[in-house]
Structure formats: C-alpha cells, structure tokens
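[1] what follows is a predicted protein model with its sequence.
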Amino acid sequence: RQGFLQVVNVADHLAHQLGLKEAASGEATVVAFLWPCHKRKLAYSLARADAREAGLRLRLLLEALHAASSAEVIVIGHSMGCRVALHALAGAHEAPSEAPPLCARVVLLGAAVDATCLAAGGEFERAHLRVSGQVVAMFSSHDETLSRHFWIGEAMSGGGLW
C-alpha cells in the first residue's frame with residue numbers, strides 16, 4: 001500500500017521529469033490521487049464497480065481545470081486508475097467536436113482494461129475520448145498481475161472477457 005507522502009513524492013518526480021518544475025510560467029500543476037487498496041478476495045470486482053463513479057468525479061476535476069486555466073493537462077493512470085481515467089474521458093459516444101478535450105495526453109501504465117478497449121467498438125473507443133493528443137498504453141510482459149490475475153478478476157466482475 002502506498003502512503004500519502006509516497007504519492008506526493010511520485011507527483012513531484014513526474015513534474016520534474018516532465019520539465020514542469022523548471023517552467024518559468026508557473027502554470028503547471030501536478031495533481032496526484034490515491035486509489036484505495038483492498039485486501040479482500042473480491043477487491044477487483046468492487047474496485048471495478050466503483051471506477052465509473054470515480055471517473056465521473058475525476059471528470060468534474062478535469063472540467064474545472066479546463067475552465068479555470070489554459071495549462072496543458074496530462075492524465076497518467078496506473079492499473080485500475082487507468083479505468084477511472086478512461087471513464088472520466090469517455091465522451092458518451094458524442095462526436096469529438098461536441099465536447100472540448102479535457103486533456104492533451106493520456107498515459108496508461110499497466111492498465112486494468114482489455115487490450116482492445118480503445119479500438120473501434122471497444123469499451124473506451126479512442127474516437128470518443130475527450131483527449132486532444134496521444135493516448136499511450138504501456139505494459140510489461142513481466143507483470144504477473146496483468147498476465148495471470150486480470151482475466152480472473154474480469155470474469156468474476158462480469159467484464160465479459162470470457
């Protein structure tokens with residue numbers, strides 16, 4: 001489990017790596033949030049069910065940032081946080097021109113989503129995401145959680161992958 005200070009340190013490191021700490025304009029902000037961990041056997045199913053609601057709340061934050069500033073927003077998610085981010089950015093099948101983008105780029109790290117979720121007809125079809133630039137998904141072939149346990153969690157939660 002990550003503690004709050006570790007999350008703050010990661011956010012500070014990301015800001016430094018992205019060159020935001022050195023930005024003279026001071027218009028860049030890194031916002032980190034901690035997705036609570038669960039130790040119960042059905043934790044994945046519970047977290048997956050909560051991801052949609054969490055995504056709607058994240059969307060409210062992104063909309064507020066968009067309305068208050070012209071600063072570039074980059075969303076970075078990990079594991080179930082990727083599902084939260086994708087729910088936040090999903091445009092409910094609106095035409096991309098109907099809703100303004102909520103961020104410039106999205107980086108998904110070890111995402112708890114199916115490999116085809118961004119494809120046409122996928123759960124989070126790329127054409128309907130409120131993102132003006134790239135959506136990058138990265139994973140490791142050594143990630144035991146994704147390679148072994150993700151599919152079981154999806155089946156148990158009714159994700160429909162089996």
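    Perfect, I can see it now.
[2] which stretches of this protein form strands?
    According to DSSP state E, the chain carries its strands in the segments 74-78, 105-109, 135-138.
[3] kindly reformat those as TSV containing distance to residue 16.
    Yep, even glycine has a C-beta here, placed from its N, CA and C like the rest. Below are these laid out as TSV (distance: least, C-beta to C-beta, whole Å):
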stretch	distance to residue 16
strand 74-78	14
strand 105-109	16
strand 135-138	20
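[4] any chance of CSV for those strands, columns mean neighbour count?
    Output for the strands of the chain, formatted as CSV (neighbours: other C-beta atoms under 10 Å):
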stretch, mean neighbour count
strand 74-78, 20
strand 105-109, 20
strand 135-138, 14
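[5] which of these sits closest to residue 84?
    Across these, residue 84 has its closest neighbour in strand 74-78 (6.5 Å, C-beta to C-beta).
[6] where does the prediction get shaky in this protein?
    Within the chain, the ranges that satisfy pLDDT under 70 run 1-8, 10-11, 18-45, 92-97, 142-162.
[7] need the single longest helix in it, by residues.
    Of all segments of type helix in the chain, defined using DSSP state H, the longest is helix 43-68.
[8] quick one: buried residues of that one?
    In terms of neighbour count (16 or more other C-beta atoms under 10 Å), helix 43-68 has its buried residues at 44, 45, 47, 48, 50, 51, 54, 55, 58, 59, 62, 66.
[9] before we move on, back to that, of all the strands of the chain, which lies closest to residue 116?
    Using C-beta to C-beta, the strands of the chain put strand 135-138 closest to residue 116, at 11.1 Å.
[10] that closest one pairs with which strands, and in what direction?
    Applying DSSP bridges, strand 135-138 is found paired with strand 105-109 (parallel).
[11] how about residues contacting the strand it pairs with?
    Identification of contacts with strand 105-109 by C-beta atoms under 8 Å, 6 or more residues apart in numbering yields 74-79, 82, 85-86, 89, 129, 131, 133-139.
[12] fine by me, thanks again.
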